[in-house]
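>>> Quick one, structure for this:
(one chain, ligands or ions: 1)
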Amino acid sequence: MGLWESKLPQKARSLRPQEKDILKSPLIIFVMGGPGCGKGTQCKNMATKYGFCHVGLGQLLRQEAQQGTRRGQKIREIMLQGLLVPTGIILDMISDNMLSCPESPGFLIDGFPRELTQAKEFERIVGRAPNIVMVFDCSMETMVQRVLHRGQVEHRADDCEPAIHRRLETHYTLFEPVLTFYQQKNLLWNAE
Ligand code: ADP
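Residues are numbered from 1 along each chain as shown. Predicted structure coming up:
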């Protein structure tokens, strides 16, 4: 664990029974895939088409990173290194965002889970599994090309050469166990 991570909350807040109740019925879709695979774009399209709420973790983290707070600064540092933000923060972000749209028929959780602990923690905290897990498959060359292009157009700080390689490494190292976990639960849906 890095210096920055050690000072951020590692544990997610537990949900109250009434909160778990609210999250029992909506459709929950997790959307996974490497950097630049197109998950953000497709989530936006699906959210518009089906009237679902889009919870884009990278986007929410970037907003938080722009705050001039100590916490924002730490998150920014982790993202620039291409590493994962601690699971406690991620799960709090997901549950807060879902609970802020209690009427939504469905949620697209974009960029989650990125490691097995996140998958298991979600079930522990929210008290249920997702309905579907979508996986966007894309070659590494395409991912690198797209992310570099996006870096030029959108000026995203982590879309630069060293960070991309670190993000790809993080992705490929942690992805497989999550896939196996959902394969066993029969929840995987592959999009190519
Ligand atoms: P990409 O998938 O292209 O890397 P995202 O915008 O989805 O871009 O994520 C950007 C960064 O935000 C990641 O490199 C990581 O640092 C952080 N991040 C996003 N989702 C998660 C998550 N589920 N867990 C931990 N960190 C995350």
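>>> The lengthiest helix in the chain and the ligand, any residue contact?
Identified as the longest helix of the chain according to DSSP state H is helix 161-184. Yes. Helix 161-184 reaches the ligand (C-beta under 6 Å from any ligand atom) through residue 167. No exception for glycine: its C-beta is placed from N, CA and C like everyone else's.
>>> May I have the secondary structure class of the residue of the chain found nearest the ligand?
The chain approaches the ligand most closely through residue 58 (1.7 Å), counting by C-beta to the nearest ligand atom. Using DSSP: H, G, I helix; E, B strand; the rest coil as the criterion, the local structure at residue 58 reads helix.
>>> Which pLDDT value belongs to it?
On pLDDT, residue 58 comes in at 96.
>>> just to revisit the earlier point, flag every buried residue along the very next helix or strand once past the longest helix of the chain.
Downstream of helix 161-184, the first helix or strand assigned by DSSP states H and E is strand 188-191. Using 16 or more other C-beta atoms under 10 Å as the test for burial, strand 188-191 gives residue 188.
>>> Need the residues that contact strand 188-191.
42, 132, 133, 134, 135, 136, 137, 179, 182 (C-beta atoms under 8 Å, 6 or more residues apart in numbering).
>>> swap in stretch 84-100?
Contacts of stretch 84-100 (C-beta under 8 Å, 6+ apart): 5, 8-13, 15, 19, 22-23, 26, 53, 55, 57, 60-61, 75, 78-79, 104, 107, 109, 112, 114-115, 117-118, 121-122, 125-126, 170, 174.
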